[in-house]
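# Need coordinates for the below:
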Amino acid sequence: MATSRESSVPYEIPDDGAAPVRAGIPEHGRVPRYYWLKARLVPLLEGLGEGGALPTERELAERYSVSRETVRQALRELLLEGRLRRSGRGTVVAGPKLEQPLALASYTEGVRRQGRVPGRTLIGLSRHPAPAGLAADLGVAAGEPMWHLERVLFADDERVGLESTYLAVERAPALDREFEPDSSFYAYLRERLGVRFGEATERLETVLATPREALLVGTPPGLPMLLIHRVSRDGDGVPLERVRVLYRGDRFSFTVHLDG
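Got it, this is the predicted structure:
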């Protein structure tokens, strides 16, 4: 039989099995005050809906009889989880995270499938001698010329990531003249250069953004980021590109299809 303390803890088995049981609160119910508040704010956010403005810190503190510092800590976690976002001087309910497949497909295609408008802003397109490690990944000799293409990624008008692409100049000699930086790089390779994509190797890890990366993506330096390293090959198995993509951890999740 549940005690009165336990009965005050939200206890719903999530419909899809993706959320923690009891909203992550242990059966004994002894949790930090901020986490207790956070669990109670979730239904409020669901009721407000995407874009709904959150009450002020003072109003929340009075409503739930907690300190404003407790409110701030609960809101910080909800911001890091991507449930909230800043809008001007206020805080609003964020939309669902973007799902990006771990597959050899372009960012543009993945975002469009979810009804969002993809975009990119060019940070730089430059030519450099390939250092030994990158040269090996690109299948060229060290010192051979390579392109470095760096762009900020957008979904609708929101900055969501930072992409660095490294490509041997011999694979796309006129990249600086022919390629539109706000368009899909993979579409350019397929449609303009006739590249057939083969396989890719990807590695995913969590990192903190550097001060420069945080400034470009428009996030606090302490926000966890999802970092993907990819080496792609064409249909003949020849190395094509090396990509480093930094995604906002509060705006992205990744999916992969597994065959039995």
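# Can you name the element that comes right after the top helix by length along the chain?
In the chain, with assignment by DSSP state H, the single longest helix is helix 33-48. Downstream of helix 33-48, the next assigned helix or strand under DSSP states H and E is helix 57-64.
# Report the separation between the nearest residue to F179 once chain neighbours are set aside and D236.
Leaving out its chain neighbours, the residue that sits closest to F179 by C-beta to C-beta, 6 or more residues apart in numbering is Y188, at 5.3 Å. For the C-beta atoms, the positions are set from N, CA and C on the backbone; glycine is no exception. Distance, Y188 to D236, using C-beta to C-beta, to the nearest Å: 19 Å.
# Touching, Y186 and F197? I think so.
Yes. Counting by C-beta atoms under 8 Å, F197 is a contact partner of Y186 at 7.4 Å.
# Report the helix or strand with the lowest average pLDDT across the protein.
Scoring the helices and strands of the chain by mean pLDDT, DSSP states H and E places helix 4-7 at the bottom, with a mean of 36.
# For Y188 and D236, work out which one has more neighbours and name it.
Y188 (17 against 8; other C-beta atoms under 10 Å).
# can you pull the contacts of that one?
Residues counted as contacts of Y188 (C-beta atoms under 8 Å, 6 or more residues apart in numbering) are 172, 178-180.
# the strands in the stretch 51-200 of the chain, which residues?
Here the stretch 51-200 of the chain has its strands, by DSSP state E, counting those that start in this stretch, at 84-87, 90-93, 98-101, 118-129, 145-155, 158-168, 197-208.
# Turn these into JSON lines, including mean neighbour count, mean pLDDT and distance to R68.
Formatted as JSON lines, the strands of the stretch 51-200 of the chain follow (neighbours: other C-beta atoms under 10 Å; pLDDT from 0 to 100; distance: least, C-beta to C-beta, whole Å):
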{"stretch": "strand 84-87", "mean neighbour count": "16", "mean pLDDT": "80", "distance to R68": "16"}
{"stretch": "strand 90-93", "mean neighbour count": "16", "mean pLDDT": "85", "distance to R68": "14"}
{"stretch": "strand 98-101", "mean neighbour count": "18", "mean pLDDT": "59", "distance to R68": "32"}
{"stretch": "strand 118-129", "mean neighbour count": "14", "mean pLDDT": "90", "distance to R68": "37"}
{"stretch": "strand 145-155", "mean neighbour count": "20", "mean pLDDT": "92", "distance to R68": "32"}
{"stretch": "strand 158-168", "mean neighbour count": "21", "mean pLDDT": "90", "distance to R68": "28"}
{"stretch": "strand 197-208", "mean neighbour count": "13", "mean pLDDT": "84", "distance to R68": "27"}
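# I'd like those laid out as a markdown table, including distance to E46.
Shown next, in a markdown table, are those (distance: least, C-beta to C-beta, whole Å):
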| stretch | distance to E46 |
| --- | --- |
| strand 84-87 | 12 |
| strand 90-93 | 8 |
| strand 98-101 | 19 |
| strand 118-129 | 27 |
| strand 145-155 | 22 |
| strand 158-168 | 21 |
| strand 197-208 | 27 |
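# Which one of those lies nearest to A61?
Closest to A61 of those is strand 90-93 (C-beta to C-beta; 14.1 Å).
# What lies in contact with the closest one?
Taking C-beta under 8 Å, 6+ apart as the rule, strand 90-93 contacts 45, 48-54, 75, 79, 83-86.
# Separate out the buried members of those.
45, 54, 75, 79, 83-85 (16 or more other C-beta atoms under 10 Å).
# how about CSV for these, with distance to A61 added?
Compiled in CSV, the buried ones among the contacts of strand 90-93 are given as follows (distance: C-beta to C-beta, whole Å):
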residue, distance to A61
L45, 17
L54, 13
L75, 11
L79, 17
R83, 19
L84, 16
R85, 21
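# In three-state terms, label S232 for me.
Of the three states, S232 takes strand according to DSSP: H, G, I helix; E, B strand; the rest coil.
# Quick one: residues contacting it.
Contacts of S232 were listed using C-beta under 8 Å, 6+ apart, and they are 104, 197-200, 239-243.
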